[in-house]
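Engineer: Mind looking at a prediction? Sequence and model below.
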Amino acid sequence: MPFVIGALAIAIAAAAAWLARPLRPDPAGRAELDAAVGALDRELAANLELMTMFDQTKQAVVLENGQFAFHRSVLEREAPAVATSVGDLYARIPDAESAMERRGPANSIRDADRRVIETWEGDARAAQRALRSSLDPQVLRGWHAAIARLHVRQTAR
């Protein structure tokens, strides 16, 4: 009986060690993430340039928003935390555009609208940094790798 318990403990430990080995990202998913981050980074850079033009001229601009819809699924699959913040940013584009269009006498902007515009601009810069940092290699180790392996097998069924 002790032999069976010892053999069972060794088998469980071996299975846990096998599941916990380092898990590297999928190369195909990584290439898709690289393309998505590059496209979104360029689009956010263009939007920030448009915001700079607005700051100088006080003329409303139309912000670009096509790349997020195109790359949303890749971002949600490969970098879900970043996808949430970038999705929120893109959802607030109409609010920022509306705030730019509302002007008072002598082309003035209300404080509330200025806060909406500046908050969007600051969040866009933060989203760019988050997108770029999502490209850092993320090797899962230990229990995180084991859980990821078990999750992939469960969703494959």
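Structural biologist: Looks like it arrived, so ask away.

Engineer: all contacts plus neighbour counts: C-alpha atoms, from now on.
Structural biologist: Noted.

Engineer: Mind listing what's buried along the longest helix along the chain?
Structural biologist: Longest helix in the chain, counting residues (DSSP state H): helix 27-57. Neighbour counts over helix 27-57 (16 or more other C-alpha atoms under 10 Å) mark 32-34, 36-41, 43-44, 47-48, 50-51 as buried.

Engineer: And for stretch 73-82?
Structural biologist: Val74, Leu75, Glu78, Ala79, Val82.

Engineer: Now the terminal residues of that stretch, how far apart.
Structural biologist: Start-to-end span of stretch 73-82 (C-alpha to C-alpha, to the nearest Å) is 12 Å.

Engineer: picking that back up, mind checking the pLDDT average for the longest helix of the chain?
Structural biologist: The average pLDDT for helix 27-57 rounds to 92.

Engineer: Go ahead and name everything in contact with the helix or strand just after it.
Structural biologist: Next helix or strand after helix 27-57 toward the C-terminus (DSSP states H and E): helix 66-78. Outside helix 66-78, the residues that touch it by C-alpha atoms under 8 Å, 6 or more residues apart in numbering are 29-30, 32-33, 36, 39-40, 43, 82-84, 87, 90.

Engineer: Low-confidence stretches in this protein?
Structural biologist: Applying pLDDT under 70 to the chain picks out residues 16-25, 137-157.

Engineer: Try it again at 90.
Structural biologist: 1-31, 33, 55-60, 77-81, 102-109, 134-157 (pLDDT under 90).

Engineer: The residue nearest the centre of it: helix or strand, and which one exactly?
Structural biologist: Among the residues of the chain, the one closest to the centroid is Val82, at 2.0 Å (C-alpha atoms, centre = their mean). Val82 belongs to helix 80-91 when assigned by DSSP H and E.

Engineer: how many other residues sit next to the nearest residue to Ala79 once chain neighbours are set aside?
Structural biologist: Among residues not flanking Ala79 along the chain, Ser134 sits closest, at 6.6 Å (C-alpha to C-alpha, 6 or more residues apart in numbering). The local packing of Ser134 (other C-alpha atoms under 10 Å) involves 19 other residues.

Engineer: you'd agree Ser134 is up against Ala81?
Structural biologist: No - the pair Ser134 / Ala81 is not scored as a contact, 9.2 Å apart, by C-alpha atoms under 8 Å.
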